[in-house]
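Peer 1: What follows is a predicted structure for the sequence shown.
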Amino acid sequence: MASRGIKYVDCYGVDNALVRVADPVFLGYFIDKGVAAAAKVVRKAYPQEKVGVFVRQGKGGPLIVVEYSELDQSLASAINQQTGRLRFCWSNVCLHMFSLDFLNQVANGLEKDSIYHLAEKRIPSIHGGTMGLKLEQFIFDAFPYAPSTALFECRYHVKKNLHLLKNANGSNYDTPESARLLVLRLHSRWVVAAGGFLTHSVPLYATGVEVSPTCSYAGENLEAICRGRTFHAPCEITF
């Protein structure tokens, strides 16, 4: 990456079908702050929500992420008396930005320090499934090494538009099919907002249109393509 002149790395969950890759607003904020690392955060909806949160490690220490399974329930429910909000309210939604210089410095530190998270999970064995302890590392383990970190608060709709692809088709949620439908519905809203019309031979909730990234990044500049036109779903809109 250095040889190609890359200065910044956008990091997101590859299983998030609705992510905005290289969000220009977030990238501009990151560059303007001149920090080594940054993260989009969304305010927790309720104390027991199963999300990791950003906390300050000690007085004047770095910002780090503490997983919900590692946060004591009394701390998860603690209220900031000045703001009336949760004391630890900034949830980690795995949308990060790093400078390449920082990643180059932190890689050796992570490898040398071998810091792991303990997760109790069912593990296959010759005797069938058994409970065991799994050692895990995450991309957010880089944050303790950052000399400076900026948090970029987003509205809650960012979390609602975050779709994680976790299960095979046939499961009740977070499947390839549900991810596909959410992308089609999002792009259908873009087309309608740009003055287009949709027809469909199956229920619209089960289909939609896909807008090629060569046409639009987030629904902008579609009027010239869509206004007054009718599209039969499912279809792809390209130049």
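Peer 2: Noted; the coordinates are in hand.
Peer 1: Helices along this structure, start to end?
Peer 2: Taking DSSP state H to define them, one finds helices in the chain at 24-33, 73-76, 100-113, 157-160, 176-193, 223-226.
Peer 1: I'd like those helices written out as JSON lines, with distance to Ala45 added.
Peer 2: Where C-beta positions appear, they are placed from N, C-alpha and C, glycine not excepted. What follows is these, written out as JSON lines (distance: least, C-beta to C-beta, whole Å):
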{"stretch": "helix 24-33", "distance to Ala45": "21"}
{"stretch": "helix 73-76", "distance to Ala45": "12"}
{"stretch": "helix 100-113", "distance to Ala45": "31"}
{"stretch": "helix 157-160", "distance to Ala45": "8"}
{"stretch": "helix 176-193", "distance to Ala45": "19"}
{"stretch": "helix 223-226", "distance to Ala45": "34"}
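Peer 1: Return the most buried member of those.
Peer 2: Sort these by mean neighbour count, taking mean count of other C-beta atoms under 10 Å, and helix 176-193 sits at the top with a mean of 17.
Peer 1: Please report how far the closest residue to Arg122 other than its chain neighbours lies from Ile123.
Peer 2: The shortest distance from Arg122 to any non-neighbouring residue, by C-beta to C-beta, 6 or more residues apart in numbering, is to Gly129 (4.7 Å). Note on Gly129: its distance to Ile123, by C-beta to C-beta, to the nearest Å, is 7 Å.
Peer 1: burial of the residue nearest to Arg122, as a residue count?
Peer 2: 10 (other C-beta atoms under 10 Å).
Peer 1: Is it in contact with Lys121, as I believe?
Peer 2: No: if you go by C-beta atoms under 8 Å, Gly129 and Lys121 don't touch, sitting 9.8 Å apart.
Peer 1: Please enumerate the strands of the chain.
Peer 2: 8-12, 37-43, 53-56, 63-66, 90-99, 117-123, 130-136, 149-154, 197-200, 209-211, 230-233, 235-237 (DSSP state E).
Peer 1: so how many other residues sit close to His96?
Peer 2: Neighbours of His96 (other C-beta under 10 Å): 23.
Peer 1: which ones are touching it?
Peer 2: Asp10, Cys11, Tyr12, Ala37, Ala38, Ala39, Lys40, Ile139, Phe140 (C-beta atoms under 8 Å, 6 or more residues apart in numbering).
Peer 1: what about 10 Å?
Peer 2: 9-13, 26, 30, 37-40, 65, 139-140, 142-143, 149 (C-beta atoms under 10 Å, 6 or more residues apart in numbering).
Peer 1: Verify the stated contact: Met131 with Pro124.
Peer 2: No: the criterion here is C-beta atoms under 10 Å, and Met131 misses it with Pro124 at 11.6 Å.
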